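*Asks:* what follows is a predicted structure for the sequence shown.
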Amino acid sequence: MKKIGLLNQPLSGVIAGMGHLDMLTIADAGLPIPPGPERIDLAVSQGVPAFMDVLRAVLGELEVQGAIVAAELPQRSPTLYAALVEALGDCPVEQVPHEVFKARTAETRAVVRTGEFTPYANVILVAGVVF
């Protein structure tokens, strides 16, 4: 049994297989998931698991060089946006219109669905390199 880090096998496997510039979406419970990317559904009930809990767990395992969010997030959910920016540290955060964000999820390796009900609680993480 794995002792630390991500215990979810599909999520851990996707991250282990990612290379430079590959993308991973972490989504709220309502984001439509297009055909193509793997669907990793962690949602159990409203708020379980929370978006920020999943994001922090992923950031512990994935080298991230950039992030993309919907431009609506800072205005509609400022507390969550502030927590996201803090968790990402110095990582640049690009803002795009929500419709563009939804289209970009089709380019990601996987979409991780959380139980989050906060509006626009979605992020696309762009993998970096550790060397």
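*Replies:* Good, I have the coordinates.
*Asks:* tell me, what residue is most central in the chain?
*Replies:* In the chain, the centroid-proximal residue (C-alpha atoms, centre = their mean) is I26; its distance is 2.3 Å.
*Asks:* could I get the full set of strands for the protein?
*Replies:* For the chain, strands defined by DSSP state E occupy the ranges 23-27, 38-41, 64-70, 93-96, 110-113, 123-127.
*Asks:* got the CA coordinates for the lengthiest helix in the chain in CSV?
*Replies:* In the chain, with assignment by DSSP state H, the single longest helix is helix 78-88. Output in CSV follows, covering the C-alpha atoms of helix 78-88 (Å, rounded to 0.1, in the frame of the first residue of the first chain):
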residue,chain,number,x,y,z
PRO,A,78,-12.9,35.8,-4.8
THR,A,79,-12.1,33.7,-1.7
LEU,A,80,-11.5,30.6,-3.6
TYR,A,81,-9.5,32.5,-6.2
ALA,A,82,-7.3,33.9,-3.5
ALA,A,83,-6.7,30.5,-2.0
LEU,A,84,-5.9,29.1,-5.5
VAL,A,85,-3.3,31.8,-6.2
GLU,A,86,-1.8,31.3,-2.8
ALA,A,87,-1.5,27.5,-3.3
LEU,A,88,0.1,28.1,-6.7
